[in-house]
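Visitor: I'd like to go over a predicted model; first the sequence, then the structure.
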Amino acid sequence: LAVQECHVQTAARQYGNMFSAEGTLLEGFGEAPEIIPINLIHRPANSIPYATVEEELIGEFVKYSVKDGRELNVGRKESEVGLKCCTFQHWVYQWTEGNLLVTDLQGVGMKLTDIGIATSRKGYKGFKGNCSISFIDQFKALHQCNMYCKMMGLKSLNDSQLKHKRSASMKTQASQPIPRSTKKTTLSPQSTRRTFLSQAKSIFGDKTLQKHL
C-alpha cells in the first residue's frame, strides 16, 4: 500500500509541476497548487517494512475534491485554491484525453497531499491509478468550468452547457431580421436564342431570316 501511495502521489506531482509551469505564465493566474513530494523508506526490521515520509503540513486541512470526482460545497469550491484544484483536474483530464483523473485533492493552503488517481480500464501509458474508472465519468458529468479553466483555454466537459450555448445562439440568429436579397434572373442559352429569333423575325421577316440562318 505504501509503495502504491508513493507511486500515485509522485505521478500526480509530475502533472502538477506541468500544470504550474503552464498556468503561472498566464497573466492574472497567480500561484498554482503544489503536490508535495513523498518518499518511500524501507525498514527491514519492522513488521511493516515499507513506509512513506513527507513534509508536515501545519494549518487548516481542507478537502477540495473527494475520490469519486465530485466537487465539494460552494465555500471550498469557490476559494482560490478550490477553483485552481478544479482547473487542475480539468487540465489533467484534457491533457490525457480523458484517460486519467487526479482526485481526492486536499491539503493546507496551496500544498496538497494524499492524492488519488483514476485511470481508464487499460490505464494510461502503462500507469494505473488507485481509484475506480467511474470517478472519471462522474467528474466529466459534474465539473463546472471556472475562470481559471477559461484562462487556460480548456474545453467544456458538459454537453448540456454546449447545447445551451448552441440553442441560445440559434435563438439570437432567429430573432434577427433576414436581409432580402435581390434575385437576378439568368437566362439560359435556349431562352436567349428564342428571344433573338423573335426579334429578328419582326425586323427581317421569315424568308429573309431563313436566308441569313
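Guide: Right, received. Where do you want to start? As the structure is a prediction and not an experimental result, all values here were calculated from the model. Numbering: from 1, shown residues only.
Visitor: output the below-cut-off pLDDT ranges for this structure.
Guide: Scanning the chain for pLDDT under 70 picks out the ranges 67-77, 159-213.
Visitor: contacting residues around the longest helix along the chain?
Guide: Counting residues, the longest helix in the chain under DSSP state H turns out to be helix 2-23. With C-beta atoms under 8 Å, 6 or more residues apart in numbering as the contact definition, helix 2-23 has outside contacts at 29, 32-40, 48, 50-52, 84, 87-88, 91-92, 95, 102, 112-117, 127, 129-130, 148, 151-152. Using the backbone N, CA and C atoms, a C-beta is placed for each residue, glycine as well.
Visitor: also stretch 36-54?
Guide: Where contact means C-beta under 8 Å, 6+ apart, the residues beyond stretch 36-54 that reach it are 2-3, 5-6, 9-10, 13, 55, 57, 107, 111-113.
Visitor: re the thing from before, among the contacts of helix 2-23, name the buried ones.
Guide: Among the contacts of helix 2-23, those buried by neighbour count (16 or more other C-beta atoms under 10 Å) are 29, 32-36, 38, 84, 87-88, 91-92, 102, 112-117, 129-130, 148, 152.
Visitor: in helices, which of these fall?
Guide: Counting by DSSP H, the buried ones among the contacts of helix 2-23 contribute 84, 87-88, 91-92, 148 to helices.
Visitor: distance to residue 121 added to those residues, as TSV?
Guide: TSV is the format used below for those (distance: C-beta to C-beta, whole Å):
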residue	distance to residue 121
84	29
87	26
88	23
91	22
92	18
148	30
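Visitor: what's the most distant pair in these?
Guide: With distances taken as C-beta to C-beta, the most widely separated pair in those is 92 and 148, at 13.4 Å.
Visitor: dihedrals phi and psi, residue 42?
Guide: With angles defined as degrees, to the nearest 10, residue 42 sits at phi -110, psi 130.
Visitor: can you report how many residues lie near it?
Guide: Summarising burial for residue 42: neighbours were counted as other C-beta atoms under 10 Å, giving 10.
Visitor: which residue ranges form the strands in the chain?
Guide: Assignment of strands within the chain using DSSP state E yields the ranges 34-35, 38-42, 50-54, 62-63, 100-103, 106-108, 111-112, 116-119.
Visitor: most surrounded residue in the contacts of stretch 36-54?
Guide: Most neighbours among the contacts of stretch 36-54, by other C-beta under 10 Å: residue 112, with 26 neighbours.
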